[in-house]
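Novice: only geometry, no sequence info:
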């Protein structure tokens with residue numbers, strides 16, 4: 001038997017040998033963060049954490065809590081809460097979690113371990129936010145996803161703006177200058193000096209463990225778009241599509257198509273990155289990579305589409321038959 005005390009030892013979901021406290025996975029595990037501009041790097045950390053436990057609980061910091069220690073988040077707390085809840089490896093979201101993780105928080109949610117990437121997260125005065133957790137051996141380190149971070153995305157947006165306006169920007173928010181973040185393209189904390197390399201094994205990791213092909217009687221909705229800088233409008237749109245269907249297929253346009261239908265400043269995130277962003281969400285069943293811009297009858301018949309959902313601004317149909325299955329419901333531009 002385990003020693004007395006709720007947390008004398010990690011509580012496993014499956015015990016192989018109680019005499020030596022051997023286990024395969026834990027019941028619950030905790031992750032927390034700001035998760036601004038929610039991206040596939042965040043989702044990948046959740047995927048890794050979920051491999052260690054049956055249940056993943058994610059604490060998301062409020063806007064005010066983040067502002068005490070760094071800049072004001074670009075996505076609001078409500079947007080970040082919902083986006084994190086939509087990610088397929090997340091079982092529960094704790095809103096307004098403290099910026100500094102404590103033993104009391106872990107115990108409250110029955111989590112023996114807290115998991116986080118192998119980068120530094122510090123308070124406004126430079127103290128490691130996981131110092132106490134590490135000192136009590138209740139910390140699990142996850143591998144950070146190379147080539148992606150919130151700071152890196154902000155860099156890209158500012159660089160695109162500078163290219164378009166041929167000017168230099170200095171942004172200031174509550175006394176905190178963005179200049180140091182945006183000019184430091186090789187941050188040892190964000191890992192953005194390492195390129196993101198797409199492999200088939202990475203795609204496989206992001207696919208749902210319960211992946212299935214559609215059944216013959218499933219209603220299939222197809223939702224093409226760019227889905228650049230995945231945001232709350234995208235998630236609301238895709239969840240609406242999923243609620244109306246049995247099987248949701250998302251089509252992702254190539255970078256070249258997006259440049260033609262918008263302008264050369266887009267997309268902010270390339271096709272490979274957008275694939276992983278979309279694959280991270282529970283509501284998505286399948287993704288077509290490099291989806292055709294002109295939707296043909298042959299294309300519809302090949303994947304047996306029942307209805308097309310789209311924001312409506314950029315969509316071309318090959319003929320009236322294709323146009324006839326398009327749904328003009330409550331969608332947002334994607």
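Specialist: Looks like it arrived, so ask away. Computed from a predicted model, the values in this text were never measured in an experiment.

Novice: only C-alpha atoms for contact and neighbour calcs from this point on.
Specialist: OK.

Novice: and the residue lying closest to residue 128 once chain neighbours are set aside, what does it touch?
Specialist: Ranked by Cα to Cα, 6 or more residues apart in numbering and with sequence neighbours excluded, the top spatial neighbour of residue 128 is residue 122, at 4.5 Å. By Cα atoms under 8 Å, 6 or more residues apart in numbering, the contact set of residue 122 is 69, 128, 129.

Novice: quick one: the second one and residue 212, what's the gap?
Specialist: When distances are taken as Cα to Cα, to the nearest Å, residue 128 and residue 212 turn out to be 42 Å apart.

Novice: can you give me the strands in the stretch 151-300 of the chain?
Specialist: Secondary structure of the stretch 151-300 of the chain (DSSP state E, counting those that start in this stretch): strands at 172-173, 176-177, 220-225, 247-252, 286-289, 294-295.

Novice: Quick one: the ones you listed as CSV, columns for mean neighbour count, distance to residue 32 and mean pLDDT too.
Specialist: Shown next, in CSV, are the strands of the stretch 151-300 of the chain (neighbours: other Cα atoms under 10 Å; distance: least, Cα to Cα, whole Å; pLDDT from 0 to 100):
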stretch, mean neighbour count, distance to residue 32, mean pLDDT
strand 172-173, 11, 24, 44
strand 176-177, 13, 23, 38
strand 220-225, 24, 31, 95
strand 247-252, 24, 29, 97
strand 286-289, 18, 28, 96
strand 294-295, 16, 42, 88
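
Novice: how far away is residue 303 from residue 249?
Specialist: Going from residue 303 to residue 249 by Cα to Cα gives 9 Å.

Novice: Just put the strands of the stretch 151-300 of the chain in a markdown table and tack on distance to residue 64.
Specialist: Below are those laid out as a markdown table (distance: least, Cα to Cα, whole Å):
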| stretch | distance to residue 64 |
| --- | --- |
| strand 172-173 | 13 |
| strand 176-177 | 15 |
| strand 220-225 | 34 |
| strand 247-252 | 35 |
| strand 286-289 | 36 |
| strand 294-295 | 45 |
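
Novice: and the closest residue in space to residue 67 that isn't next to it in sequence, how many residues sit next to it?
Specialist: Nearest residue to residue 67 in three dimensions, chain neighbours excluded: residue 73, at 7.6 Å (Cα to Cα, 6+ apart). Residue 73 has 18 neighbours, counted by other Cα atoms under 10 Å.

Novice: Correct me if wrong: residue 73 contacts residue 63.
Specialist: Yes. Here residue 73 reaches residue 63: they are 6.3 Å apart, a contact under Cα atoms under 8 Å.

Novice: Which stretches in the chain count as helices?
Specialist: For the chain, applying DSSP state H gives helices covering 40-50, 63-67, 77-85, 103-108, 131-135, 150-165, 179-183, 200-206, 232-243, 255-261, 271-279, 297-303, 320-324.
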